[in-house]
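Peer 1: Following is a predicted model, sequence given first.
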Amino acid sequence: MSAGRTILLFHAAALGDFGFTWPISLALARLHPHSRVFYVTHGQKGQLVRRVLRLEALDVESGWSALDVEGAEPPEACRRRLADSHTIVNFAHRADELWERNVRRWAPDALLLGIKPAVGDQWAGPAWRYLIDQLNGQQALHAAAGQCLQAIQRHGLGARKAQSDGPIMLHVGSGSDAKCWPLAHFVQLAHLLKQSGRKVRFVAGEAERERLSPTQLTQLQSVAPLLWPQTLVELWDLLGGAAAYVGGDSGPTHLAAMSGLPTVALYGPTDPQRWGPVGPAVKVLAAARWVGIDPPRVLAHLGEK
């Protein structure tokens, strides 16, 4: 193994999949306390791991794409970082001989680990475990990643606590329309929460600006404030001031659960046994086509201790 003092983790997928990799990155930081651990990823995700995990990040747009091109040469700063790496974990690509060959030009002695991000149909367990179990050949790292996952399950990330006087955050979006709980249900739930004396905030992302009609936006805003966090760090900060969270199968739901915030996760077409969030205060309601998952039932789960 290289004598360098850098660990690089390459990741290119969305927020939910990004969070699945965090137990592995935390395990590497634990096993190599004198090394610098960098995610090579897109800007907002890099800012998030700086805030949440206290790890470092390199913008994937700063020349790293040269590793995907035959004969291309990364900028000198990238080459120096590769040369100083003793471990490189690749979440961003499938088995790609060109990428690996280019990495080996600059990091010939580094331990290179390829983690397949896509969970195949033959895998019946949680996606979190799918990634970690690909480290079976690295006994210490495999054990440490499992321990970090258990710590997130039991305690969440950091020492964040729900704010009892904070609002209930209702995240109305997801990666696809099919994974979104009906908007009318969110509106009814907000009315029920307000009737019980709770503060409510709707939260939406950029995708909802296009997905929701002006009439739907007006409908939400007539019931409670509608928040549009502009960055993942801003979303994290909003969650930090909340009392609880309700949302579907989405990156923000995984983030809320991992933060330790009481989270009610609503699953329709996707399997929570595989894609469910991890955290110390998570309740999952799942039903095909949302049958039986109505606002009073969600309200009851929010009231459970």
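Peer 2: Sure, I can see it.

Peer 1: any residues touching the lowest-mean-pLDDT helix or strand in the chain, and which ones?
Peer 2: The weakest-scoring helix or strand in the chain, judged by mean pLDDT, DSSP states H and E, is helix 206-211 (a mean of 88). Applying CB atoms under 8 Å, 6 or more residues apart in numbering, the set of residues contacting helix 206-211 from outside is V172, G173, G175, D177, W228. To be clear about C-beta, it is placed using only N, CA and C from the backbone, and glycine gets the same treatment.

Peer 1: mind listing what the second one touches?
Peer 2: When contacts are counted by CB under 8 Å, 6+ apart, G173 is found next to C180, A204, G205, A207, E208, R211, G247, G248, S250, P252.

Peer 1: Likewise for the first one?
Peer 2: Counting by CB under 8 Å, 6+ apart, V172 touches C180, W181, L183, F186, F202, V203, A204, E208, L212, L220, G247.

Peer 1: Show only the entries of these found in helices.
Peer 2: L183, F186, E208, L220 (DSSP state H).

Peer 1: all helices for the protein, in order.
Peer 2: Counting by DSSP H, the helices of the chain are 15-20, 22-31, 43-52, 76-83, 97-106, 127-133, 139-155, 183-195, 206-211, 214-221, 232-240, 251-259, 272-275, 295-303.

Peer 1: Am I right that P75 is in contact with S62?
Peer 2: Yes. Using CB atoms under 8 Å, P75 makes contact with S62 at a distance of 7.2 Å.

Peer 1: hang on, the earlier thing: the contacts of helix 206-211 into TSV, with extra columns for pLDDT?
Peer 2: Below are the contacts of helix 206-211 laid out as TSV (pLDDT from 0 to 100):
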residue	pLDDT
V172	97
G173	92
G175	84
D177	88
W228	97
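
Peer 1: Among those, which pair sits farthest apart?
Peer 2: D177 and W228 (18.8 Å; CB to CB).

Peer 1: Neighbour count: those two, which is higher?
Peer 2: Between D177 and W228, counted using other CB atoms under 10 Å, W228 has the larger neighbour count: 13 against 9.

Peer 1: what residues are up against the more buried one?
Peer 2: Per CB under 8 Å, 6+ apart, neighbours of W228: V203, A204, G205, E206, R209.

Peer 1: go with 10 Å
Peer 2: Applying CB atoms under 10 Å, 6 or more residues apart in numbering, we find W228 in contact with F202, V203, A204, G205, E206, E208, R209, E234, L235.

Peer 1: so how far is C180 from the nearest residue to the fourth one once chain neighbours are set aside?
Peer 2: Across the structure, with CB to CB, 6 or more residues apart in numbering as the measure, the residue nearest G205 apart from its sequence neighbours is G173 (5.1 Å). In this structure, G173 lies at 7 Å from C180, with CB to CB, to the nearest Å as the measure.

Peer 1: Ok, P108 next?
Peer 2: 48 Å.

Peer 1: higher neighbour count, these two?
Peer 2: Per other CB under 10 Å, whichever of P108 and C180 has more neighbours is C180, with 24 against 11.

Peer 1: Please name the nearest non-neighbouring residue to the more buried one.
Peer 2: S174 (4.9 Å).

Peer 1: what sits against that neighbour?
Peer 2: S174 makes contact with 16, 180-181, 205, 207-208, 211, 247-253, 266, 268, 270, according to CB under 10 Å, 6+ apart.

Peer 1: again, only using 7 Å
Peer 2: C180, G248, D249, S250 (CB atoms under 7 Å, 6 or more residues apart in numbering).

Peer 1: So which of those wins on neighbours?
Peer 2: D249 (27 neighbours).

Peer 1: so it sits right up against K179, yeah?
Peer 2: Yes. D249 sits in contact with K179 when judged by CB atoms under 7 Å, with a separation of 4.7 Å.

Peer 1: so what sits against both of those two?
Peer 2: T270.

Peer 1: With just CA atoms, put stretch 76-93 into PDB.
Peer 2: Output in PDB follows, covering the C-alpha atoms of stretch 76-93 (Å, rounded to 0.1, in the frame of the first residue of the first chain):
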ATOM      1  CA  GLU A  76      -1.500  18.800 -11.600                       C
ATOM      2  CA  ALA A  77      -3.500  19.300  -8.400                       C
ATOM      3  CA  CYS A  78      -5.500  16.100  -9.100                       C
ATOM      4  CA  ARG A  79      -2.300  14.200 -10.000                       C
ATOM      5  CA  ARG A  80      -0.700  15.300  -6.700                       C
ATOM      6  CA  ARG A  81      -3.800  14.200  -4.700                       C
ATOM      7  CA  LEU A  82      -3.800  10.800  -6.400                       C
ATOM      8  CA  ALA A  83      -0.100  10.300  -5.900                       C
ATOM      9  CA  ASP A  84      -0.500  11.000  -2.100                       C
ATOM     10  CA  SER A  85      -3.500   8.500  -1.800                       C
ATOM     11  CA  HIS A  86      -3.100   5.200   0.000                       C
ATOM     12  CA  THR A  87      -6.800   4.200  -0.400                       C
ATOM     13  CA  ILE A  88      -9.200   5.100  -3.200                       C
ATOM     14  CA  VAL A  89     -12.800   4.000  -3.100                       C
ATOM     15  CA  ASN A  90     -14.900   4.200  -6.300                       C
ATOM     16  CA  PHE A  91     -18.700   4.600  -5.800                       C
ATOM     17  CA  ALA A  92     -19.000   6.600  -9.000                       C
ATOM     18  CA  HIS A  93     -18.500   4.000 -11.800                       C
END
